[in-house]
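Chemist: compute the structure for the input listed below.
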Amino acid sequence: MIKIMIVDDQPLVREGLGTLLGLRPGIEVVGMAEDGTDALNKALLLHPDIVLMDIRMPKTNGVEGTKLIKERLPDVKVLILTTFNDSAFVFDALGEGASGYLLKDMPTDTIAQAILTVHHGGVVLPKEFTSQVLPELRMKSHDKPAEFPDELGELSDREREVLMHLGQGLNNKEIADTLFITEGTVKNHVSNVIQKLGLRDRTQAAIFAVRYGITIF
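Modeler: Next up is the predicted model:
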């Protein structure tokens, strides 16, 4: 059973999503919270597997809430719930350790599948939303030019291709289909990229790709 906690400042959203997800086999809603600080306090007591975290809340927002939880409970995974208007906060939340993000108006089936993906160690980066926020993030990066890390030179051409596709939100199967290689090979390349760049996980790799505007040689 996957134990989840829902964090949103709107009671109707919390309760509605909780009711819908509570009907799903294999998912148990163990608690709800109204902001990031409340989420940490309850997570310390309830020990959820996954926290569904709204990103825009009036007290402690989702970025700060993600940071609080990952600092105290690093094994608890956070999945951000967002809207198209929240793109400025999304990559900050990912940088604090969130395992991905979903649009709030996605079907319950999609949210339930995302919970399963994150529970099994995956990352959720919806391509449609990623394509919207990439230009914005790149514009911000151009405002503050950053030199490419030396570690980038250690990547092979294929690893750099894989890194680029991670930044587009593709999963292993989609990358494999695009590059005409096996999923196992993609998995190995992803592991190599993470290790060579000194990153924590594929989410950080995706953020890295976007921040530095990675393109194929």
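
Chemist: helix or strand right after the lowest-mean-pLDDT helix or strand in the chain?
Modeler: Of all helical and strand segments in the chain, the minimum by mean pLDDT, DSSP states H and E falls on helix 127-143, at a mean of 56. Per DSSP states H and E, the first helix or strand lying C-terminal to helix 127-143 is helix 157-167.

Chemist: which of the residues in that following helix are classified as buried?
Modeler: 158-167 (16 or more other C-beta atoms under 10 Å). For the C-beta atoms, the positions are set from N, CA and C on the backbone; glycine is no exception.

Chemist: okay if I get these as JSON lines plus pLDDT?
Modeler: Converted to JSON lines, those look like this (pLDDT from 0 to 100):
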{"residue": "158", "pLDDT": "95"}
{"residue": "159", "pLDDT": "95"}
{"residue": "160", "pLDDT": "94"}
{"residue": "161", "pLDDT": "94"}
{"residue": "162", "pLDDT": "94"}
{"residue": "163", "pLDDT": "93"}
{"residue": "164", "pLDDT": "90"}
{"residue": "165", "pLDDT": "89"}
{"residue": "166", "pLDDT": "86"}
{"residue": "167", "pLDDT": "79"}
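
Chemist: ok, now which ones touch residue 46?
Modeler: By C-beta atoms under 8 Å, 6 or more residues apart in numbering, the contact set of residue 46 is 3, 5, 30-31.

Chemist: again with residue 186
Modeler: Counting by C-beta under 8 Å, 6+ apart, residue 186 makes contact with 162, 172, 175-176, 179.

Chemist: just residue 44 next, same as before
Modeler: By C-beta under 8 Å, 6+ apart, the residues touching residue 44 are 72-73.

Chemist: how is this protein divided into domains?
Modeler: Residue ranges for the domains of the chain, per automatic domain parsing: 2-124, 143-211.

Chemist: rank these by pLDDT, which is bottom?
Modeler: Mean pLDDT values for the domains of the chain show the minimum at domain 143-211, a mean of 85.

Chemist: can you map out the helices along the chain?
Modeler: Secondary structure of the chain (DSSP state H): helices at 11-22, 36-46, 62-72, 87-95, 108-119, 127-143, 157-167, 172-179, 183-197, 202-211.
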